[in-house]
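**Q** Quick one, fold the following:
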Amino acid sequence: MSHSAIGHAPEEKYHHGKSPASYAFSIIFMVAVVVAVVGMVPAPNLTLLIIAGVIALAAWITWAALRGMGRDNV
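**A** Numbers count the residues shown, from 1 in each chain. All right, here's what the predicted structure looks like:
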């Protein structure tokens, strides 16, 4: 039985949201959230909030780069 007969494309390797690009984005973005939370307790610390923003941007750039390299089949 072919892959198309059971509803799966033969080139599809990852289920939605389970690619290396998605995992890398999620992990790096969680680090950014933790840094942002630490930056808000007990009083807002602008330096840590900026660092959190830079880390979040790095997460997006990492995702885009991995997706461009074919590490995301979504």
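**Q** Find the helix or strand that the residue nearest to the spatial centre of the chain is a member of.
**A** Computing the C-alpha centroid of the chain and ranking residues by C-alpha atoms, centre = their mean puts Phe25 first, at 1.5 Å. Using DSSP states H and E, Phe25 sits within helix 20-40.
**Q** got a list of what the residue nearest to the centre of the chain touches?
**A** Ala59, Trp60, Thr62, Trp63 (C-beta atoms under 8 Å, 6 or more residues apart in numbering). C-beta coordinates here come from the backbone N, C-alpha and C atoms, glycine included.
**Q** Now do the same for the helix holding Phe25: mean pLDDT, whole number.
**A** In this model, helix 20-40 has a mean pLDDT of 94.
**Q** quick one: buried residues of that helix?
**A** Neighbour counts using 16 or more other C-beta atoms under 10 Å place Ala21, Ser22, Ala24, Phe25, Ile28, Phe29, Ala32, Val35, Ala36, Gly39 of helix 20-40 among the buried residues.
**Q** Redo those as JSON lines? Include distance to Ile51.
**A** JSON lines is the format used below for these (distance: C-beta to C-beta, whole Å):
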{"residue": "Ala21", "distance to Ile51": "23"}
{"residue": "Ser22", "distance to Ile51": "23"}
{"residue": "Ala24", "distance to Ile51": "19"}
{"residue": "Phe25", "distance to Ile51": "18"}
{"residue": "Ile28", "distance to Ile51": "13"}
{"residue": "Phe29", "distance to Ile51": "14"}
{"residue": "Ala32", "distance to Ile51": "8"}
{"residue": "Val35", "distance to Ile51": "6"}
{"residue": "Ala36", "distance to Ile51": "9"}
{"residue": "Gly39", "distance to Ile51": "7"}
